[in-house]
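In: Sequence plus predicted model, see below.
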Amino acid sequence: MKKEPLFELCAEDDLLFKQMEGHYQSKEEQMFFETMRYKEMYEPAYSNEELILREENEEKVDIIRCSECEYEFGSGEYGNATALYVCSLADMLNTNLLEVGITSMKGTMLDWLRARNYKGIRYDRNIALM
């Protein structure tokens, strides 16, 4: 029996997941998109979900999922950080990191994740489920 989704995907993320399906550049990328799709539909993160923390990567980038499909991300040392809040995974992945001051790397968050082959992304830190 198929499990009914608890939440409907936002239009931007629904399109993103459909476009990515079958076009993954690695096993890790496939895991990321399939896991995030599942989480957005079945696992709300009302108390936030820390996907990667600044202490866990050399660029000091944070990615935190909020609610179903909203994300907060940024970089820097605590107290002197750049942070953005967006309403979809698609918006986060399409953000130009150099333009918003998150890293000195040219490219988007998707480019950054691909360059590190999703290293450091954790799927087990949804505080609401702990």
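Out: Perfect, I can see it now.

In: low pLDDT regions in this protein?
Out: Residue ranges of the chain with pLDDT under 70: 1-2, 77-80, 130.

In: ok, now which ones touch Glu50?
Out: Residues in contact with Glu50 (Cβ atoms under 8 Å, 6 or more residues apart in numbering) are 62-64, 122, 125, 127. Quick note: C-beta positions are derived from backbone N, CA and C, even for glycine.

In: Out of these, name the ones that lie in strands.
Out: Residues of the contacts of Glu50 located in strands (DSSP state E): 62-64.

In: Neighbour count and distance to Thr35 added to the residues you listed, as CSV?
Out: As requested, those are arranged in CSV below (neighbours: other Cβ atoms under 10 Å; distance: Cβ to Cβ, whole Å):
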residue, neighbour count, distance to Thr35
Asp62, 22, 18
Ile63, 23, 13
Ile64, 20, 15
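
In: Out of those, the closest to Leu93 would be?
Out: Leu93 has its nearest neighbour among the ones in strands among the contacts of Glu50 in Ile63, at 10.1 Å by Cβ to Cβ.

In: Run through the neighbouring helices and strands of the longest helix along the chain.
Out: Secondary structure of the chain read by DSSP state H shows that its longest helix is helix 27-42. Contact analysis of helix 27-42 by 3 or more Cβ pairs under 8 Å, 6 or more residues apart in numbering; DSSP states H and E lists helix 11-20, helix 109-115 as its packing neighbours.

In: how about the shortest one: buried residues?
Out: What that stands for is helix 109-115. Residues of helix 109-115 classed as buried: 109-110, 112-114 (neighbour count, 16 or more other Cβ atoms under 10 Å).

In: ok, now the longest one?
Out: Buried positions in helix 11-20, judged by neighbour count with 16+ other Cβ under 10 Å: 12-14, 16-17, 20.

In: Can you give the contact residues for that helix?
Out: Outside helix 11-20, the residues within contact range by Cβ under 8 Å, 6+ apart are 9, 29, 33, 37, 40, 69, 87-91, 93.

In: how about the helices and strands packed on helix 27-42, which one is nearest Glu4?
Out: Evaluated with Cβ to Cβ, the helices and strands packed on helix 27-42 place helix 11-20 nearest to Glu4, the distance being 16.2 Å.
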